[in-house]
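> When you get a sec, could you give me coordinates for this:
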Amino acid sequence: MNLVSLRYRSRKAFLRAAKTTTRLLHRTRARLPRGRTVILDILFPGLAAPVLVQAVVAAAGTSTAVIFRPLPSEQKTWIYLREIAAGRSGPRRSHTRYPADLAYECRSEAGHRFRGRLRDLSVGGLAAGSTLCPARSSFLRVTIGPLANGTLHLVYGRVVWARAGEFGVGFTASAGARLRLSLRRGSETGSLRLLRSSV
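The predicted structure is shown next:
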């Protein structure tokens, strides 16, 4: 399944592209066959992190545009995006958290390194167990993994809470597309097998 990254400079630009609740016009020279199912990776000002939406290519020709139609199962997400872009709703303050028994390594701005295991993971952040807890508001580089398939995920964030034996990190930049896709698959299947650590 193709991942199509859609970045908009403003909410108004997103609304111009998504004029109705049933379609989104995207100007591109990429050739996508009609009927193909894709994952749209959508971000515009006002969203804390990109949102993934499954859609089908409804129309594609020799011109410089493609029309995507969200799948029926994505209608609530699509309406939510349009509400945020129109200013009628605010972004959700939290993301779905998934229990995740994963190895991680952190590096602080001061160069301190420490390792441990994650407790949970979401598109917006993580909770981790550690014998050494970083100071609140400190900036961290976090490497998650290696995963069962050998991959690593690199994220950056700030410590938003800390207590004895654990701390939480809010990502300062959105999690990478691969990590978001893994989390999305986990939400659809009810399992995070792709995010099980091999260590």
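> Where does pLDDT dip in the chain?
1, 61-63, 89-97, 147-149, 173-199 (pLDDT under 70).
> Which parts of it are helices?
If DSSP state H is used as the criterion, the helices of the chain fall at 11-17, 75-85, 177-189.
> got the buried residues for the second one?
Within helix 75-85, the residues that qualify as buried are 77, 78, 80, 81, 82, 84, 85, counting by 16 or more other C-beta atoms under 10 Å. Every residue, glycine included, has its C-beta placed from N, CA and C.
> Same question for the first one.
Residues of helix 11-17 classed as buried by neighbour count (16+ other C-beta under 10 Å): 11, 14, 15, 17.
> Dump those to JSON lines, plus distance to residue 164.
As requested, the buried residues of helix 11-17 are exported to JSON lines (distance: C-beta to C-beta, whole Å):
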{"residue": "11", "distance to residue 164": "42"}
{"residue": "14", "distance to residue 164": "43"}
{"residue": "15", "distance to residue 164": "47"}
{"residue": "17", "distance to residue 164": "48"}
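> so how far is residue 43 from residue 125?
To residue 43, residue 125 is 17 Å away according to C-beta to C-beta, to the nearest Å.
> Repeat that for residue 17.
When C-beta to C-beta is applied, the distance between residue 17 and residue 43 equals 13 Å.
> shared neighbours of the two, which are they?
Shared contacts of residue 17 and residue 43, defined by C-beta atoms under 8 Å, 6 or more residues apart in numbering, comprise 6, 8.
> how's the chain carved up into domains?
Here the domain parsing of the chain from automatic domain parsing is 2-85, 98-195.
> tell me how far the shortest one is from the chain's mean position?
The one in question is domain 2-85. Using C-alpha atoms, centre = their mean, to the nearest Å, the mean C-alpha position of domain 2-85 is found 15 Å from that of the whole chain.
> And that domain, end to end?
One end of domain 2-85 to the other measures 25 Å (C-alpha to C-alpha, to the nearest Å).
> Residue numbering should commence at 38 henceforth.
Right, with 38 as the first residue, what we last looked at is domain 39-122.
> Once you drop chain neighbours, what's closest to residue 116?
If you skip the residues right next to it in sequence, residue 116 has residue 58 as its closest partner in space, 6.1 Å away by C-beta to C-beta, 6 or more residues apart in numbering.
> show me the contacts for the residue nearest to residue 208 when sequence neighbours are not counted.
Nearest residue to residue 208, sequence neighbours excluded (C-beta to C-beta, 6+ apart): residue 194, at 4.4 Å. Applying C-beta under 8 Å, 6+ apart, one finds that residue 194 lies in contact with 162, 163, 176, 177, 179, 206, 207, 208, 209.
> Now do the contacts for the last one.
Looking back up the chat, that one is residue 209. With contacts defined as C-beta under 8 Å, 6+ apart, the neighbours of residue 209 are 176, 193, 194, 195.
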